[in-house]
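test case, fold it:
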Amino acid sequence: MFVTTKAKVFIDNSGSYVEMPVLMSPSGVVGPLFHYCFNKIQEKSISWMKKTIFSVKLFFEYIQANPKETDSQIVFRNFSLRLHTGTFNNETGLDDSWLCWSPRSPKNVKLIIANLSNFFDWINNEHPKTPVFNPRYSGSPYDQQLDKIAYLYRRSKAFLGHNWAANPTSNVGRKVRSRQAPKIENGEPPAFPEDRFEEFLFNGFKTRGRQNYRNMLITLLLHGAGFRASEPFHLYISDVHKDPINPLQAKVLIHHPMFGKPPKNDIPNNLIKAYNRKEYLSKNFGLLPRSEALGKNHSGWKGGMHDASYYKVAHWFTPQYGEYFLNIWYKYLEEVALFERNHPFAFINLSRAPLGAPYTLSQYNKAHAAACHRIGIPAGKQLGTTPHGHRHAYGRRLCAGGLSKDLIRRCMHHSSINSQDIYIRATTSETLQALSSAAKNIENSLTTITKS
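Okay, the predicted model is just below:
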């Protein structure tokens, strides 16, 4: 009954619009949820909107599947329980509600409930103290139902607690408690195996005797410079130069997709000057920044710390990765020169339609997994063999090289110096080695005592 889709939102007569996800009911766009997301559009990401919409969609589906339940406290409690347990009968394997939910992790349940709580709080702040339907919405029965649910949530809040995820040490107004996940030791992040990287780079991306320079370049940005998997997809061709300090290396600047300065050098005369990259894309190509675009061309931008003019510079470690990048870059440009492009992005489709179009993150993820299998490495997050594992390998390498926390923060473009803590924790192998050394120390000391 409920489907998430994308919409173009026009707010005035200028013809300008924004793209954002919306939830569709049988009566059209769900009004309260649309206004909530639109009000947050300048401070929240597309990813946040999708997660919020998904949480509301789950709750909508639950109350449609259980229309006879009128006690609001029970509805909220049972919804939370079903998120934890799933909806299938353990004995028969059937689900009479047709929700077909599998059990979710405590962390995921807590996020869903927090999203709903924030949304209901927003509705209640927007509305009067009584469940009077807001006339600016479409008037659909689903909009009115959300209005009523938010009012019931306000009445039940003392029972539910702030976000249904109760603090187990508190016993005041916290009757509905989210199941607590077991405490875990935060060990080392799963990192791509260093001893297999060069084999992966030069053989994993080789098919039919031909190397895929584009995927090699993206991988070098992740493994050799520590960028997040989504960030290389914002790179323009004009963002790569020969490093004036070390001409053997590439100097790569990945600019903020919206606030970064537009290219200045080597721009054809027919392109319009712009204040920032968002304006540059809009005026010259009719495109949104990839962080704002919906669909396959979307590529996130988590943030972090930027250098001057809103860019992140590649800090190659070890330096040979910067040399690899420059050599491969020149070969890649020879391929790019054969295609017409209606965009400035560096990484493009070279063999699949639409040729010359921006290469996507989902395509790279599939190519990365295929490259792993090509050299006999299983692809998996817990093994560190997904694209994000390269960033973890970079962080571990910086730590092993003896860099200070502040330098690691700068190289990895973190905002907080505490973000580096995960890379300086003892790994499992380091722990085992330390225990082995300690055992030898005890053995040696006992031998000395015996001899004396």
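
only C-alpha atoms for contact and neighbour calcs from this point on.
OK.

where along the stretch 301-450 of the chain do the strands fall?
Listed in chain order, the strands of the stretch 301-450 of the chain (DSSP state E, counting those that start in this stretch) span 311-313.

where exactly do the helices run in it?
320-336, 361-374, 388-400, 405-412, 421-424, 428-451 (DSSP state H, counting those that start in this stretch).

packing partners for the shortest one?
Put plainly, it is helix 421-424. helix 388-400 (3 or more C-alpha pairs under 8 Å, 6 or more residues apart in numbering; DSSP states H and E).

so who does residue 23 touch?
Remark: with contacts taken as C-alpha atoms under 8 Å, 6 or more residues apart in numbering, residue 23 is in contact with 2, 3, 4, 5, 29, 30, 33, 34, 53, 57.

please pick the buried ones from the residues you listed.
2, 29, 30, 33, 34, 53, 57 (16 or more other C-alpha atoms under 10 Å).

which of those sits closest to residue 214?
Among the buried ones among the contacts of residue 23, residue 53 lies closest to residue 214 (C-alpha to C-alpha), at 34.8 Å.

ok, that closest one - contacts?
With C-alpha under 8 Å, 6+ apart, residue 53 has these contacts: 4, 22, 23, 33.

ok, of the buried ones among the contacts of residue 23, which one's closest to residue 313?
residue 53 (34.7 Å).

the residue lying closest to residue 59 once chain neighbours are set aside is in what secondary structure piece?
Among residues not flanking residue 59 along the chain, residue 79 sits closest, at 7.3 Å (C-alpha to C-alpha, 6 or more residues apart in numbering). Taking DSSP states H and E as the criterion, residue 79 maps to helix 72-85.

can you check residue 296 too?
Residue 296 belongs to no helix or strand, assigned by DSSP H and E.

measure residue 19 to residue 292 for me?
7 Å (C-alpha to C-alpha, to the nearest Å).

okay, and for the stretch 201-350 of the chain, where does confidence drop off?
Scanning the stretch 201-350 of the chain with the threshold set as pLDDT under 70 gives 265-269.

circling back: residue 19 and residue 292: which has the busier surroundings?
Ranked by neighbour count (other C-alpha atoms under 10 Å), residue 19 and residue 292 place residue 292 first, with 23 against 17.

next, the contact list for the more buried one, please.
19, 45, 46, 298.

helix, strand, or coil at it?
coil (DSSP: H, G, I helix; E, B strand; the rest coil).

what does residue 254 give?
Residue 254 ends up strand, using three-state DSSP.

touching, it and residue 313? I think so.
Yes - contact criterion C-alpha atoms under 8 Å: residue 254 and residue 313 qualify, at 6.4 Å.

circling back: of the buried ones among the contacts of residue 23, which pair is most distant in space?
Greatest spatial distance among the buried ones among the contacts of residue 23 (C-alpha to C-alpha): 2 and 34, at 13.7 Å.

quick one: low-confidence parts of the stretch 1-150 of the chain?
Those would be 127-139, if you go by pLDDT under 70 across the stretch 1-150 of the chain.

again, 50 this time
By pLDDT under 50, the stretch 1-150 of the chain has no low-scoring segment.

just how off-centre is stretch 37-46 within its chain?
16 Å (C-alpha atoms, centre = their mean, to the nearest Å).

do stretch 114-125 as well
23 Å.

with stretch 420-439 instead?
The answer for stretch 420-439 is 29 Å, by C-alpha atoms, centre = their mean.

show the average pLDDT along it.
Stretch 420-439 carries an average pLDDT of 75.

and it, end to end?
Termini of stretch 420-439 sit 30 Å apart (C-alpha to C-alpha).

in strands only, show me the contacts of residue 53.
Using DSSP state E, the subset of the contacts of residue 53 located in strands is 4, 22, 23.

nearest to residue 92 among those residues?
Nearest member of the ones in strands among the contacts of residue 53 to residue 92, counting by C-alpha to C-alpha, is residue 4, at 31.2 Å.

I'd say the closest one and residue 20 touch.
No - using C-alpha under 8 Å, residue 4 is not in contact with residue 20; the gap is 10.4 Å.

rewinding a little: now the next helix or strand after the helix holding residue 79, how far from the centre of its chain.
Going down the chain from helix 72-85, the next helix or strand is helix 106-126, by DSSP H and E. The chain centroid and the centroid of helix 106-126 are separated by 20 Å, computed with C-alpha atoms, centre = their mean.
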